[in-house]
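> just the structure for this:
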Amino acid sequence: MNREQLTTLVRSKKAKTREAAYKSLFSKYGENKGVTGEIYQNIVLNWRDEGIGMRGFSSPIMIRNISNNIDNETTKTLLNVCKKNSKIFQKYFLQKAKLLGMKKLRRYDLYAPSKSKIKKKLLL
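The predicted model follows:
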């Protein structure tokens, strides 16, 4: 199965199918976690050395902000609003778990399809 087909199965009505598809999609990352971790660490260190050390930016996020034409205050505001409202996000997933008949939503169930009744209740 290719990635596109597996991605479709992550949204299956069947919990076991969702779990198997999710595990299959991410199994390669697990197999290569040492190499992937090293690559990521080197990217981060190079980003820091070049952006902060050589170019004089005050923070790593400032580099990205400039390339996206966003000022630092906008990013700070966005992050603060996300932190302030994280309970809403958590409440949504607790409700979804409850409506799906689960105590706690598993990672595999984030994209579980909901019946239209459930969707209406979640939106209210």
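> would you mind measuring from the most far-flung residue of the chain relative to its centre to I63?
Residue farthest from the centre of the chain, counting by CA atoms, centre = their mean, is M54 at 31.0 Å. Using CB to CB, to the nearest Å, we find M54 at a distance of 11 Å from I63. Where you see a C-beta, it was placed from the backbone N, CA and C, and this is true even at glycine.
> do T75 as well
Counting by CB to CB - T75 and I63 are separated by 11 Å.
> hey, where'd the helices end up in this protein?
With DSSP state H, the ranges of helices along the chain come out as 3-9, 15-31, 33-48, 60-67, 72-84, 86-99, 116-123.
> how about residues contacting the fourth one?
This means helix 60-67. W47, R48, G51, I52, R55, F57, D71, N72, T74, T75 (CB atoms under 8 Å, 6 or more residues apart in numbering).
> same check on the third one?
Contacts of helix 33-48 from elsewhere in the structure, counted by CB under 8 Å, 6+ apart, are Y29, P60, I63.
> what sits closest to the first one if chain neighbours are left out?
Computed as CB to CB, 6 or more residues apart in numbering, the closest residue to Y29 that is not its neighbour in sequence is T36, at 6.2 Å.
> can you get me a residue count around the one you found?
Neighbourhood size, T36 [other CB atoms under 10 Å]: 13.
> against V44, how distant is it?
According to CB to CB, T36 and V44 sit 13 Å apart.
> same thing with L6?
To V44, L6 is 29 Å away according to CB to CB.
> between those two, who's got more neighbours?
Comparing L6 with V44 by other CB under 10 Å, the one with more neighbours is L6, at 16 against 11.
> fine by me, thanks again.
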